[in-house]
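J.: Sequence and predicted structure are below.
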Amino acid sequence: MPISGKELMRKKATAKLILEAKGLNFDEWLAQKYDEVFRDNEDVIQKALKSFKEERKNGGFHSGSGTKIN
């Protein structure tokens, strides 16, 4: 079941209070979490970029638009 906007806002507010109480900045902590996701999924990102590059090289995508050529 997807999280509601209200529940997400409640969780964010609580996490922010906890982090601030520990002397941490919420935005910096969140940026670190994004970096963890990128780092943990670097292989997926690299594979997707290589696939995109090949498709573009083979004429499958317009340069920069992401729109498929039919």
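T.: Sure thing, it's come through. Numbering: from 1, shown residues only.

J.: Helix or strand: which one has the nearest residue to N25 once chain neighbours are set aside?
T.: Spatial nearest neighbour of N25, chain neighbours left out: L19 (7.3 Å); criterion: C-beta to C-beta, 6 or more residues apart in numbering. (C-beta placed from N, C-alpha, C; glycine too.) When elements are assigned from DSSP states H and E, L19 belongs to helix 5-21.

J.: and for that helix, what are the contacting residues?
T.: Residues outside helix 5-21 that contact it (C-beta atoms under 8 Å, 6 or more residues apart in numbering) are I3, N25, F26, W29.

J.: mind checking how far the nearest residue to the first one once chain neighbours are set aside is from G59?
T.: It stands for I3. Spatial nearest neighbour of I3, chain neighbours left out: K11 (7.8 Å); criterion: C-beta to C-beta, 6+ apart. Using C-beta to C-beta, to the nearest Å, one gets 45 Å for the distance from K11 to G59.

J.: re earlier: I'd like the contacts of helix 5-21 laid out as a markdown table, including distance to V37 and pLDDT.
T.: Shown next, in a markdown table, are the contacts of helix 5-21 (distance: C-beta to C-beta, whole Å; pLDDT from 0 to 100):
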| residue | distance to V37 | pLDDT |
| --- | --- | --- |
| I3 | 17 | 93 |
| N25 | 19 | 98 |
| F26 | 17 | 97 |
| W29 | 13 | 98 |
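
J.: Filter the residues you listed down to the ones in strands?
T.: Of the contacts of helix 5-21, none are assigned to strands by DSSP state E.

J.: For those residues, which two are the farthest from each other?
T.: The largest separation in those, counting by C-beta to C-beta, is between I3 and N25 at 23.6 Å.

J.: And R56, how close does it get to L49?
T.: Distance, R56 to L49, by C-beta to C-beta: 10 Å.

J.: How far off centre is the helix holding L19?
T.: Averaging C-alpha positions (C-alpha atoms, centre = their mean, to the nearest Å) puts helix 5-21 19 Å from its chain's average.

J.: Could you give me the buried positions within that helix?
T.: Buried residues in helix 5-21, counted by 16 or more other C-beta atoms under 10 Å: K16, L19.

J.: Could you export that helix as PDB, CA atoms only?
T.: Written as PDB, here are the backbone C-alpha positions of helix 5-21 (Å, rounded to 0.1, in the frame of the first residue of the first chain):
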ATOM      1  CA  GLY A   5       1.300  12.400   1.600                       C
ATOM      2  CA  LYS A   6       0.200  13.100   5.200                       C
ATOM      3  CA  GLU A   7       2.000  10.000   6.500                       C
ATOM      4  CA  LEU A   8       5.100  10.900   4.600                       C
ATOM      5  CA  MET A   9       5.100  14.500   6.000                       C
ATOM      6  CA  ARG A  10       4.700  13.100   9.500                       C
ATOM      7  CA  LYS A  11       7.600  10.700   9.000                       C
ATOM      8  CA  LYS A  12       9.800  13.500   7.600                       C
ATOM      9  CA  ALA A  13       9.000  15.900  10.500                       C
ATOM     10  CA  THR A  14       9.800  13.200  13.000                       C
ATOM     11  CA  ALA A  15      13.000  12.200  11.300                       C
ATOM     12  CA  LYS A  16      14.000  15.900  11.100                       C
ATOM     13  CA  LEU A  17      13.400  16.400  14.800                       C
ATOM     14  CA  ILE A  18      15.400  13.300  15.700                       C
ATOM     15  CA  LEU A  19      18.300  14.300  13.500                       C
ATOM     16  CA  GLU A  20      18.300  17.900  14.800                       C
ATOM     17  CA  ALA A  21      18.300  16.600  18.400                       C
END
